[in-house]
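> kindly return the folded structure for what I paste below:
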Amino acid sequence: GSNESFGRFNITGASFREEWNAPMRSVKDINQILDIAEKNNQPQYKALGLICKVYVLSLMTDAYGDIPYNEAGKGDVSGLEFPHYQEQKEVYRLMLADLETANQLLKSLKADATISDDILFNGDAVKWRKYANSLKLRMAIRIRFANPTLAKQMGEEAVSHLLGVITGNADNASYYYEKANPLYIMWDTYGDTRVCADILTYMEGYKDPRESKFFQKVTDSDWGVTYAGMRSGIKITNQADARKYSSPVASKSDRLMWLSAAEVGFLKAEGALAGWTMGGTAKELYEQAVKLSFEQWGAGNVDSYLEDAESVQANYTNPSSITAGAACNSVSTITIKWDDTASVERNLERIITQKWIALWPLGQEAWSEIRRTGYPKVFDLVETPKYPVQIPNRLPFSYNEYTTNKSNVESAVSLLGGADTFATKLWWQKK
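Numbering: from 1, shown residues only. Okay, the predicted model is just below:
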């Protein structure tokens, strides 16, 4: 409605129809692939289908909490028009099991088995297995405060696997969208996406060489700055002025990253910090991850960047006198250079802050990390949100679910541990 605001969490499930429906349509397509693969005895396509199903539904459960998993996307199957929801902890167990099944299927492929029309890894089964292991590690770290024992087991299994996880940018999982890169559509076609002050102030403070790879320059030369970001939770009163702020660098034909070697490096660094066996020390893995990110973006001077023990997040200044968002002081003092004498908590903030930067432009993964760890520290919202949270913990279920699957969605809400709002925490938010 006209009084709704994404930035202040004043949104109902009516605004989230497509955020729910589009992934579920994808799962329906994936289910058809799984059915055909089963009928034609093609284990390679069953494996790929399972991995893609896990990827899509991991995004769904991390956004909403409890979701349909076993019955997701099966509305055309008799008796499953109204899918039952499963608790998030059960969804995670099922996803991890499906990744293991997929890996075993790919391992046992016959020599003459081929994978055609593969737009992710061009038919390379080894890369698919590394991707599956990397998803497993991502999920292990995601649940490490909720189920430390299972998380450690799954994380160590992923890294110690014969093929291991993604370790180089040549194996990154990225996708080409035929219509256009979604980020390009948001900043260019819709014209309503601009850079946030939080990431800009970290990168400005760190004098980060990746800044020009991430952000476009402002379009108002009178502002006297190269890049400018908006604070969250502002009320836009002048669209023309708001569009002068930095846009993301994203062209129509750019591939969108799903999972990168840099992210995997930070996952391993955090695992090592937690005492997991990750194939290196937290310091070694942290530095490798930063180097992988710089390599991914074609940025230089990574060695001097990693030696910087002084630079911290910059204060925020707003170059516009029209668009709201008052100047404010930085909220973090975390530095870049690894410090073995620092506390585990301090080094966790260091890892996650750099990981959060390196995840750009994967907004959902960055959102999941800040909900899971509390890092990086970010500015308060400019205007008071509807719910007393600095960061939304989840999305409310789609309005369509209340009209077409009422009893099941209401049962799911009863298991959430709170109301169907932005404020209720997910199962894995235990820190």
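> may I have the phi/psi pair for residue 34?
phi -60, psi -40 (degrees, to the nearest 10).
> tell me which helix or strand the nearest residue to it once chain neighbours are set aside sits in.
Counting by Cβ to Cβ, 6 or more residues apart in numbering, residue 49 is the residue found nearest to residue 34 once chain neighbours are left out, at 4.3 Å. The way it works is simple: take the backbone N, C-alpha and C, and place the C-beta from them, glycine included. Here residue 49, judged by DSSP states H and E, is contained in helix 43-64.
> average model confidence for that helix?
Average pLDDT, helix 43-64: 97.
> next structured bit after it?
helix 88-107.
> for the stretch 201-350 of the chain, give me the ranges with low pLDDT.
Within the stretch 201-350 of the chain, no range satisfies pLDDT under 70.
> same thing with the stretch 1-150 of the chain?
Using pLDDT under 70, the stretch 1-150 of the chain drops low at 1-16, 78.
> rerun at 50
1-4 (pLDDT under 50).
> just checking, the residue nearest to residue 34 touches residue 37?
Yes: Residue 49 lies in contact with residue 37 (Cβ atoms under 8 Å); the separation is 6.2 Å.
> tell me which of these two has more neighbours.
Comparing residue 49 with residue 37 by other Cβ atoms under 10 Å, the one with more neighbours is residue 49, at 25 against 19.
> check contacts around the more buried one.
For residue 49, the contacting residues are 30, 31, 33, 34, 37, by Cβ atoms under 8 Å, 6 or more residues apart in numbering.
> of these, which is the most crowded?
residue 30 (22 neighbours).
> which stretch of helix or strand covers it?
With DSSP H and E as criterion, residue 30 is part of helix 17-39.
> what are the buried residues along stretch 353-364?
353, 354, 355, 356, 357, 358, 359, 360, 361, 362 (16 or more other Cβ atoms under 10 Å).
> with distance to residue 120 added, can I get the residues you listed in TSV?
Below are the buried residues of stretch 353-364 laid out as TSV (distance: Cβ to Cβ, whole Å):
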residue	distance to residue 120
353	29
354	26
355	23
356	25
357	25
358	21
359	19
360	21
361	18
362	16
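> list just the nearest of these to residue 385.
Of all the buried residues of stretch 353-364, residue 385 sits closest to residue 356, with 20.9 Å by Cβ to Cβ.
> pick out the residue closest to the middle of the protein.
Taking Cα atoms, centre = their mean as the criterion, residue 365 is the residue nearest the geometric centre of the chain, at 1.5 Å.
> need phi/psi at that one.
In terms of degrees, to the nearest 10, the main-chain angles of residue 365 are phi -60, psi -40.
> got a list of what it touches?
Here residue 365 is in contact with 263, 359 (criterion: Cβ under 8 Å, 6+ apart).
> can you give me the helices for the stretch 151-300 of the chain?
Applying DSSP state H, counting those that start in this stretch to the stretch 151-300 of the chain gives helices spanning 182-184, 197-205, 211-214, 239-242, 261-273, 282-297.
> just say which of those is most tucked in.
helix 261-273 (a mean of 26; mean count of other Cβ atoms under 10 Å).
> what's that helix packed up against?
helix 125-142, helix 148-160, helix 282-297, helix 344-358 (3 or more Cβ pairs under 8 Å, 6 or more residues apart in numbering; DSSP states H and E).
> residue 83: which of the helices of the stretch 151-300 of the chain is closest?
helix 182-184 (26.0 Å).
> give me the contact list for that closest one.
193, 248, 250, 251, 252, 254, 256, 361.
> isn't the last one up against residue 255?
I take that to be residue 361. No: Residue 361 lies out of contact with residue 255 (Cβ under 8 Å); the separation is 11.7 Å.
> identify the residues contacting residue 178.
Here residue 178 is in contact with no residues (criterion: Cβ under 8 Å, 6+ apart).
> against residue 252, how distant is it?
Using Cβ to Cβ, to the nearest Å, residue 178 is found at 11 Å from residue 252.
> quick check, nearest of the buried residues of stretch 353-364 to residue 86?
Nearest to residue 86 among those, with distances taken as Cβ to Cβ, is residue 362, at 25.2 Å.
> what's near enough to touch residue 245?
194, 195, 218, 228, 229, 230, 320, 323.
> of all the residues you listed, which comes closest to residue 423?
Nearest member of the contacts of residue 245 to residue 423, counting by Cβ to Cβ, is residue 230, at 23.4 Å.
> ok, now which ones touch the closest one?
194, 195, 196, 197, 242, 245, 323, 325.
> do that again at 7 Å, thanks
Applying Cβ atoms under 7 Å, 6 or more residues apart in numbering, one finds that residue 230 lies in contact with 194, 196, 197, 245, 323, 325.
> buried residues, the helix holding residue 49. List them.
Of the residues in helix 43-64, 43-64 count as buried by neighbour count, 16+ other Cβ under 10 Å.
> picking up where we left off before, in JSON lines: the helices and strands packed on helix 261-273, plus distance to residue 112.
Shown next, in JSON lines, are the helices and strands packed on helix 261-273 (distance: least, Cβ to Cβ, whole Å):
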{"stretch": "helix 125-142", "distance to residue 112": "13"}
{"stretch": "helix 148-160", "distance to residue 112": "29"}
{"stretch": "helix 282-297", "distance to residue 112": "35"}
{"stretch": "helix 344-358", "distance to residue 112": "40"}
